[in-house]
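1. quick one, fold the following:
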Amino acid sequence: MENAGRTIAGFHIHVYYNPSTREAASRVRDQLAERFDVELGRWREEPVGPHPQSMYQVKFAPELFGQIVPWLMLNHAGLNVLVHPETGDDLADHSEHALWLGEKLSLNLDVLRRLQTTS
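-> Alright, predicted model coming up:
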C-alpha cells in the first residue's frame, strides 16, 4: 500500500491495559490470534518507548486491515487501542497516521523525536 511516496509495510496494534483490565486484554489478544494471521508481541507490564502504560503489540499485514480493524472496533472490550502503519517514520506513524479506539492516550512522542535525531 502506497501514498505520497510512503509505503505501508504493515500495521501495529497496541492494546493498553492496567491490572483491572488485564483479563479483558488477554481475551482480546487470544481472539485476535485465533481469528487472524497476526504476530503477537510480548506483554509489557511497564511503560516502554512512547507508550504511557502497560500494553502488548500485535503486528499484521496491510491486506488484513479491512478484516482486523472492523472486528477490533466491535470487540476491543472497552480497552484503549492504537492502530498505526509501519512506514519507517515512527514519529508520524504514532501521531499523524494513528487511529485510536477508546480513549486517545498521550504518547511520549519525545522518545521518538530523539530517535529520529540520532538516526
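2. next one: stretch 94-102 to chain centre, how far?
-> Distance of stretch 94-102 from its chain centroid, counting by C-alpha atoms, centre = their mean, to the nearest Å, is 8 Å.
3. so what touches it?
-> Residues outside stretch 94-102 that contact it (C-beta atoms under 8 Å, 6 or more residues apart in numbering): 50, 69, 72-73, 76, 78-85, 87, 107, 109, 112. No exception for glycine: its C-beta is placed from N, CA and C like everyone else's.
4. identify the residues contacting G41.
-> G41 neighbours (C-beta under 8 Å, 6+ apart): Y56, Q57, V58, K59.
5. and the closest residue to G49 other than its chain neighbours, its phi and psi?
-> Leaving aside its sequence neighbours, G49 sits nearest to V111 (C-beta to C-beta, 6 or more residues apart in numbering; 5.4 Å). Main-chain dihedrals, V111, degrees, to the nearest 10: phi -60, psi -50.
6. off-centre distance for the longest helix seen in the chain?
-> With secondary structure taken from DSSP state H, the chain has its longest helix at helix 22-35. Mean-position distance between helix 22-35 and its chain equals 14 Å (C-alpha atoms, centre = their mean).
7. just to revisit the earlier point, quick check: PyMOL command selecting the buried ones in the contacts of stretch 94-102.
-> In PyMOL, the members of the contacts of stretch 94-102 classed as buried (16 or more other C-beta atoms under 10 Å) are selected with the following command:
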select buried, resi 50+69+72+76+79+80+81+82+83+84+85+87+107+112
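8. in strands, which of the contacts of stretch 94-102 fall?
-> Counting by DSSP state E, the contacts of stretch 94-102 place V81, L82, V83, H84, P85 in strands.
9. can you redo the residues you listed as CSV with distance to W43?
-> Shown next, in CSV, are these (distance: C-beta to C-beta, whole Å):
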residue, distance to W43
V81, 15
L82, 16
V83, 19
H84, 19
P85, 23
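10. and which of these is nearest D37?
-> Proximity of those to D37 (C-beta to C-beta) peaks at V83, which lies at 16.3 Å.
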